[in-house]
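In: take a look and give me a structure for this.
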Amino acid sequence: MHIPVMLTEVMAYLNPKPTGHYVDATFGAGGYSRAILKSGVLRLDAFDRDPFVMPVAESLKVSYPNLHMHSECYSAMGQTLQGFKGAIDGIVFDLGISSMQVDQAERGFSFMREGPLDMRMNPTEGISAADVVNTLSPAELTHVFRTLGEEPRAKAFAREIVKKRTLTPFVTTTQLAECIAALCPVPTRTHPATRVFQALRLYVNQELERLEEALDVAYTLLKAGGRLVVVTFHSLEDRIVKTFFAQHGKAPATNRHDPALFSPVVSLAAKVLTPRAITPSDDEVSKNPRARSAKLRALERLSPALQHQ
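Out: Down below sits the predicted model:
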């Protein structure tokens, strides 16, 4: 069963209002959308490129006709919601994969169950993880594992994968996981393939590139007082969000020695509501172990008239 991560905290920072227009950028199993709709908002637009979530959305729409579901990646929301630029009250991102994706072996996201080595959010688009491990050069695989998985043994894993695929191409998740595990005879707290699978998922779905684009788009959609809430699950995502928030929550440069740059009253574009990332409580992690690496950050776009000395 899918359990929305830090739902209480997300709702507190999003602070949905009955007259508001909100966006769930990552519908998934609909946990956040359901809570937002239950709060009585005027309209909710939800996005997800995974076609398998559409029955969940259709079922939810029966009770909440103010749900507008878009079968698209969140990076497309700017074009889809172009008519609402500067009018959205709040946008939420949950950047983790949903339990329904992990639990379906045929999706190929998990090495805990045998399934096709796929990992695409939309199985009809782009290349699969099998395409990646069977065609990229050793240097390219090393780069993917090192930069997107932060895997210290990236070179050794890449070399072994290339060696094995010359005999038998990689087709299943367990095939790849066992290849990597064989190089790590000493038991570890997490499975040796964890970071490799993370790297492949990010690469196949272009998640980091799309996130950077989507944050820019989301910010332009927010009205003055609108809030952006993002839940991340690993350091690369969190770093992008943290940097984006810092850039928008910082006053423009000013210089009292240069009249062209100096202003005694400087406008702040946004206020960072979470100086430090919010993490799940111990109680939540005990009930939902998948929440353990989650971090929540929130930002509020300010009115152009709001200034500080």
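
In: lowest-scoring secondary structure element of the protein by mean pLDDT?
Out: strand 307-308 (a mean of 38; mean pLDDT, DSSP states H and E).

In: how is the chain partitioned into domains?
Out: As assigned by automatic domain parsing, the chain contains the domains 7-94+207-308, 102-205.

In: now mean neighbour count too, for those domains, in CSV please.
Out: For glycine as for every other residue, the C-beta is placed from the backbone atoms N, C-alpha and C. Shown next, in CSV, are the domains of the chain (neighbours: other C-beta atoms under 10 Å):
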stretch, mean neighbour count
domain 7-94+207-308, 18
domain 102-205, 17
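
In: ramachandran angles for the residue nearest the centre of the chain?
Out: The centre of the chain sits closest to Leu95, judged by C-alpha atoms, centre = their mean, with a distance of 2.0 Å. The phi and psi torsions at Leu95 (degrees, to the nearest 10) take the values phi -90, psi 0.

In: for it, what are its contacts?
Out: By C-beta atoms under 8 Å, 6 or more residues apart in numbering, the contact list for Leu95 reads Thr26, Glu207, Leu211, Val230, Val231, Thr232, Phe233, Glu237.

In: same thing but 10 Å
Out: 25-26, 74, 207-208, 211, 214, 230-234, 237-238, 240-241, 294-295 (C-beta atoms under 10 Å, 6 or more residues apart in numbering).

In: can you check Gly249 too?
Out: Leu268, Ala269, Ala270, Lys271, Val272, Leu273, Pro275, Leu299, Glu300, Arg301, Leu302.

In: for Met119, give its distance to Tyr203.
Out: Going from Met119 to Tyr203 by C-beta to C-beta, to the nearest Å gives 9 Å.

In: can you tell me the distance between the two ends of stretch 288-298?
Out: Terminal residues of stretch 288-298 are spaced 22 Å apart (C-alpha to C-alpha, to the nearest Å).

In: the strands in the chain, which residues?
Out: Along the chain, counting by DSSP state E, strands occupy 21-24, 43-47, 67-70, 88-94, 222-232, 266-267, 270-272, 295-301, 307-308.

In: surely Phe27 and Pro55 touch.
Out: No. Phe27 is not in contact with Pro55 according to C-beta atoms under 10 Å; the separation is 11.7 Å.

In: pull the contacting residues for Phe84.
Out: His21, Val23, Arg43, Asp45, Met77, Gly78, Leu221, Lys223.

In: and the residues you listed, which is closest to Ala156?
Out: Met77 (40.2 Å; C-beta to C-beta).

In: show me where the stretch 201-309 of the chain has helices.
Out: Applying DSSP state H, counting those that start in this stretch to the stretch 201-309 of the chain gives helices spanning 207-221, 235-248, 282-287.

In: quick one: list the elements packing against the first one.
Out: By that I understand helix 207-221. Packing contacts for helix 207-221, counted by 3 or more C-beta pairs under 10 Å, 6 or more residues apart in numbering; DSSP states H and E, involve strand 21-24, helix 77-80, strand 88-94, helix 138-149, helix 194-205, strand 222-232, helix 235-248, strand 295-301.

In: redo those as TSV? Include mean pLDDT and distance to Lys164.
Out: Shown next, in TSV, are the helices and strands packed on helix 207-221 (pLDDT from 0 to 100; distance: least, C-beta to C-beta, whole Å):
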stretch	mean pLDDT	distance to Lys164
strand 21-24	98	41
helix 77-80	94	41
strand 88-94	97	35
helix 138-149	97	12
helix 194-205	93	13
strand 222-232	96	33
helix 235-248	94	27
strand 295-301	96	35
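
In: could I get those as a markdown table with distance to Thr8?
Out: Compiled in a markdown table, these are given as follows (distance: least, C-beta to C-beta, whole Å):
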| stretch | distance to Thr8 |
| --- | --- |
| strand 21-24 | 16 |
| helix 77-80 | 25 |
| strand 88-94 | 13 |
| helix 138-149 | 31 |
| helix 194-205 | 27 |
| strand 222-232 | 12 |
| helix 235-248 | 20 |
| strand 295-301 | 11 |
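
In: so for Val5, which of these sits nearest?
Out: Closest among those, using C-beta to C-beta: strand 222-232, at 5.9 Å.

In: roughly how far does Glu207 sit from Leu95?
Out: Glu207 is 7 Å from Leu95, by C-beta to C-beta.
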